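Participant: need coordinates for the following:
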Amino acid sequence: MDFLEKLHSTSQRNGSLLCVGLDPDPGLMPEKTSVLDFNRALIEATCDLVCAYKLNFAFYEALDSPGISALKETIKAVPEGIPVIGDAKRGDIGNTARAYARAIFEGLGCDATTVNPYLGLDSVAPFIEYRDRGVFILCRTSNPGSGDFQSLVCEQAGGDSLKLFQIVADKASQWNTHGNIGLVVGATYPEELRLIREAHPELPFLIPGVGAQGGDLALAVRYGVNARSRGAIINSSRQVIYASRNQDFAQAARQAALSLRDQINHSLPGAAS
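Facilitator: Below is the predicted model of the structure:
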């Protein structure tokens, strides 16, 4: 199965649009718990509640060689059939991008990754060439400073004006010749999320920003899903994995994930109130 097939299969099986972000921070984890043991316990506790897992590479790279080892072993610990998104946000010139893509997709075996499009098509193309993998292009990110560039108004040929995030979304749609491109659109900007979904009804969206970042979950679901109530991956990291900082962290994470999954499903268009 390619990424989207695996995603849809897991989403249907688990009745879930929830993606759990496995972002280990030793300062927040229970004492005397290794990163790998922490992640394995979280996966075991939540694997029937998610549509995917997302691993932010920075949290592993910050721990040097042991962290990279934990990253590799965590990916292996995810049950077969559940997609793994490598949140790497890579973006560089063509030959470097090709090496990044090979490392993420072939070396680590991730099913999808996040990509920064600032350098243009040639920096994204090596990722897109992996037709069975997902490529989520940063579009309207969830952080407070995202508007410094992403909300800039740009004049187009013919006199029309669009904000930069809209242009990025349009470019991503044009580049989507293999059907494996999606967009990263933050839950913290629901109106922008609505505009992008209306313009691109079929692209899959990776939606961070609910929970600790304060995004409105109900609006993220309402505006993020497509007409078939699919196409959205609602990510939560800290709200789930640090639901408890004690040795009951896995049980607490399960309860948090279950609650989020159910809240997402209750927010779907047409869901019973």
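
Participant: mind listing the strands in this structure by residue range?
Facilitator: Secondary structure of the chain (DSSP state E): strands located at 18-21, 52-56, 84-90, 112-115, 134-140, 153-155, 161-163, 181-185, 205-207, 232-236.

Participant: quick one: residues in contact with the third one.
Facilitator: Around strand 84-90, the neighbours that count as contacts under CB atoms under 8 Å, 6 or more residues apart in numbering are 19, 21, 52-57, 75, 78, 97, 100-101, 104, 108-116, 127, 134, 136, 138, 206, 233. Where you see a C-beta, it was placed from the backbone N, CA and C, and this is true even at glycine.

Participant: could you tell me which of those residues count as buried?
Facilitator: The neighbour-count test (16 or more other CB atoms under 10 Å) marks 19, 21, 52-57, 75, 78, 97, 100-101, 104, 108, 110-116, 127, 134, 136, 138, 206, 233 as buried among the contacts of strand 84-90.

Participant: per-residue confidence for residue 1?
Facilitator: pLDDT, residue 1: 84.

Participant: now it: how far from residue 55?
Facilitator: 20 Å (CB to CB, to the nearest Å).

Participant: over to residue 35?
Facilitator: Computed as CB to CB, the residue 35 to residue 55 distance reads 11 Å.

Participant: mutual contacts of these two, please.
Facilitator: Taking CB under 8 Å, 6+ apart as the contact rule, residue 35 and residue 55 both touch residue 74.

Participant: give me the distance between the residue nearest to residue 236 when sequence neighbours are not counted and residue 140.
Facilitator: Spatial nearest neighbour of residue 236, excluding adjacent residues (CB to CB, 6 or more residues apart in numbering): residue 211 at 4.6 Å. Separation of residue 211 from residue 140 (CB to CB): 18 Å.

Participant: for these two, work out which one has more neighbours and name it.
Facilitator: Taking neighbours as other CB atoms under 10 Å, residue 211 and residue 140 compare with residue 140 leading, 27 against 20.

Participant: surely the more buried one touches residue 193?
Facilitator: Yes - if you go by CB atoms under 8 Å, residue 140 and residue 193 touch, sitting 7.1 Å apart.

Participant: where do the contact lists of those two overlap?
Facilitator: With CB under 8 Å, 6+ apart, residue 140 and residue 193 have common neighbours 185-186.

Participant: so the residue nearest the centre of the chain bridges to which residues?
Facilitator: Compute the mean C-alpha point of the chain, and by CA atoms, centre = their mean the closest residue is residue 206, 4.3 Å away. Applying DSSP bridges to residue 206 gives these bridge partners: residue 184, residue 233.

Participant: that one: what's it in contact with?
Facilitator: Residue 206 neighbours (CB under 8 Å, 6+ apart): 19, 54, 85, 114, 136, 182-185, 233, 235.

Participant: same deal with residue 30?
Facilitator: 38, 245-247, 249.

Participant: closest to residue 222 out of those?
Facilitator: residue 249 (31.0 Å; CB to CB).

Participant: make sure residue 41 is actually in contact with residue 249.
Facilitator: Yes - taking contacts as CB under 8 Å, residue 41 lies within contact range of residue 249: 7.1 Å.

Participant: how near is residue 206 to residue 244?
Facilitator: 26 Å.

Participant: what's the answer for residue 196, then?
Facilitator: Noted for residue 196: a distance of 35 Å to residue 244, by CB to CB.

Participant: try residue 131
Facilitator: Distance, residue 131 to residue 244, using CB to CB: 41 Å.

Participant: repeat for residue 76
Facilitator: 26 Å.

Participant: settle it for me: which of those two has more neighbours?
Facilitator: residue 244 (15 against 11).
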